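> next come a sequence and a model predicted from it.
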Amino acid sequence: MQYIYKSAIELATLIRERKATSTDIVKEHLEHIHRHNHKLNAFISVFEEEALQEAASCDQEAREARFRGPLHGVPVSIKEQFWIKGKNSNTNFKMLKDFAAPEDAVVVERIKKSGAIILGQTNVPKNLTDYQVNGDIYPEGKNPYNLEYSPGGSTGGGAAALAAGFTPLELGGDFGGSVRVPASFCGLYGLKPTEKTVPLHGNIPLPKNSKSMIVHMAQAGPLARNIDDLDLLWKIIVGPHKSDRAIPDIKWKQSEKNSLQEYKIAWTDGWPGFETSAQISEAIKVFAEQLKGAGCRVEKNLPDNSLHEESLKTYMGIFPYVIAQGTPWIVRQIIKMQLYNGVLKGSKSDLPYLTKPLTEAFKMNANHYGEVMMQQSKMTRRWEEFFDQYDFLICPVAFGPAYKRCKTGDKLSYDGKEMIYLKYVWPYVACFNASGNPSITIPLGLGKEGLPIGVQIVGRYWSEPELIHFAKKAAALTAGFVKPEGY
């Protein structure tokens, strides 16, 4: 295999310099998918004929020294939630199984204009609301490092595809850690951009006769095996569009810092009421010491104790407005019941302070919606005040590494501690969906079980260029992506 596991930038350079053809690169990736996808169920559809036709067109254009953009002729994969014109998008939910995208999502359109070739769609959990990959329609997704384990969710299929070498780049979406968690569980880099910086038109299938479209806390974001590819895809998808006037035209400020010595970093290995396993705690401490050894000013510190809890309460106060908008009362009751029998199982007794904001939000009251928007604004301001003191915050992505695939809602056990399903991952990542701050997951290598361990680095609003610049330097201190065996 000449091209599997090469970076997107390497492949683009080979095509541009006429040292490889897009057709050969795409063919090799398609063959690799056909050889191994049955083990992982990472792809749920493969556009073989269209991909090869586009590759041939890209090769003809390359011979004429015409290039569409920075990813000319390079294969990529797309999370199933994003519209691709004429293709089904149903988020693994039988009630939406017949939805066919009427047009490309804005981010998909941008990726196509960059010259990339879409190999197919990657697997997701039902309604994108799980850290595993299972649902009504597609076969269960698995982790390439150990098939008994979850690849994370909801961009789990895409993360598995990347780690197994099926694709060099994946477009994911993050509504509750859905880019960062799969990146951590599969040893990858993943970015959740600042809220309302990437257009979301064409983000999810719309129910028939839908008349509303409230979107908060969600962003499209890239996953990659190296930080430079991540940076490139972010630059392709970010920025305002006529379909969404809520997205400002930000004048992104490029980093002027040349070394790690110029950064002041806060770090934590847990949150009040949400510690982490010994393995994760130690990995984060070692990473912080590595940064300190490289000259960073590093302090173990947190915002005031109530901010994390307020962020989680805010998330629960907004969440129903996004997932249940426009639905009748009885449907909202069914959705709520399904959540409490699944991902939220046990939370009423274990995390009772989350129950009230969720219950109030499911009433779909306009006054309550206004109150929770004000609450979000105040909470975000407190996070921004914390980032007045520090460039970035380093913190956990989850209690431990990937967990074994199980029934959604089952209690999870790791490192001698048993916990409700929600507590293993959600509290560590949802806080930054609620606040809207950008966060990047970087891999720290493999842990004691041979499973990847990741950490997230969080910055202030609109700090992505600096965040990615720092992550590039910080990643040089880590093991980075480690290829799973057998692919």
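Cool, got the structure. Remember, it's a predicted structure, so these values are computed and weren't measured experimentally. Numbers count the residues shown, from 1 in each chain.
> switch to C-alpha atoms for all contacts and neighbour counts from now on
Fine.
> count the residues that sit near P205.
Around P205 sit 21 other residues, with neighbours defined as other Cα atoms under 10 Å.
> and the next element down the chain from the lowest-mean-pLDDT helix or strand in the chain?
Considering only helices and strands, the least confidently modelled element of the chain by mean pLDDT, DSSP states H and E is helix 329-341, at a mean of 94. Scanning forward in sequence from helix 329-341 by DSSP states H and E, the next helix or strand is helix 347-350.
> may I have whichever helix or strand comes after that next one as CSV, with CA atoms only?
The helix or strand immediately downstream of helix 347-350 is helix 355-361, counting by DSSP H and E. Backbone C-alpha positions of helix 355-361 (Å, rounded to 0.1, in the frame of the first residue of the first chain) are rendered in CSV as follows:
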residue,chain,number,x,y,z
THR,A,355,-33.3,17.1,36.1
LYS,A,356,-35.1,20.5,36.6
PRO,A,357,-33.5,22.4,33.7
LEU,A,358,-34.1,19.4,31.3
THR,A,359,-37.8,19.1,32.4
GLU,A,360,-38.4,22.8,32.1
ALA,A,361,-36.9,22.9,28.6
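> quick one: list the elements packing against helix 355-361.
Based on contacts counted as 3 or more Cα pairs under 8 Å, 6 or more residues apart in numbering; DSSP states H and E, the elements that helix 355-361 packs against are helix 306-323, helix 366-386.
> residues contacting the residue nearest to E466 when sequence neighbours are not counted?
Ranked by Cα to Cα, 6 or more residues apart in numbering and with sequence neighbours excluded, the top spatial neighbour of E466 is S255, at 5.0 Å. If you count contacts by Cα atoms under 8 Å, 6 or more residues apart in numbering, S255 has them with P465, E466, H469.
> just send the helices and strands packed on helix 355-361 back as TSV, with mean pLDDT too.
Compiled in TSV, those are given as follows (pLDDT from 0 to 100):
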stretch	mean pLDDT
helix 306-323	96
helix 366-386	97
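> for the least confident helix or strand of the chain, buried residues please.
Buried positions in helix 329-341, judged by neighbour count with 16 or more other Cα atoms under 10 Å: R332, Q333, I335, K336.
> would you map the helices across the stretch 1-150 of the chain?
Using DSSP state H, counting those that start in this stretch, the helices of the stretch 1-150 of the chain run over residues 8-16, 22-40, 48-63, 106-113.
> so what touches the third one?
With Cα under 8 Å, 6+ apart as the contact definition, helix 48-63 has outside contacts at 15-16, 18, 21-23, 26-27, 30, 67, 72-73, 115, 117-120.
> how about the last one?
For helix 106-113, the external contacting residues (Cα under 8 Å, 6+ apart) are 68-69, 78, 82-84, 118, 198-202, 220, 233, 236-237, 241.
> out of those, which are buried?
78, 82-84, 118, 198-202, 220, 233, 236-237, 241.
> of these, which is the nearest to L344?
Nearest to L344, judged by Cα to Cα, of these is A220 at 24.1 Å.
> what's opposite that closest one in the beta bridge?
According to DSSP bridges, G173 are recorded as the beta-bridge partners of A220.
> and it, what's its pLDDT?
pLDDT recorded at A220 is 98.
> show me what contacts it?
For A220, the residues meeting the contact criterion (Cα under 8 Å, 6+ apart) are V107, L171, G172, G173, D174, K192, P193, V198, L200.
> and for the nearest residue to R68 once chain neighbours are set aside, the neighbour number?
Taking Cα to Cα, 6+ apart as the measure, R68 lies nearest to G115, with 4.8 Å between them; neighbours along the chain are not counted. Using other Cα under 10 Å, G115 has 21 neighbouring residues.
> wait, G115 sits on H72?
Yes. Under the contact definition of Cα atoms under 8 Å, G115 touches H72, with a separation of 3.7 Å.
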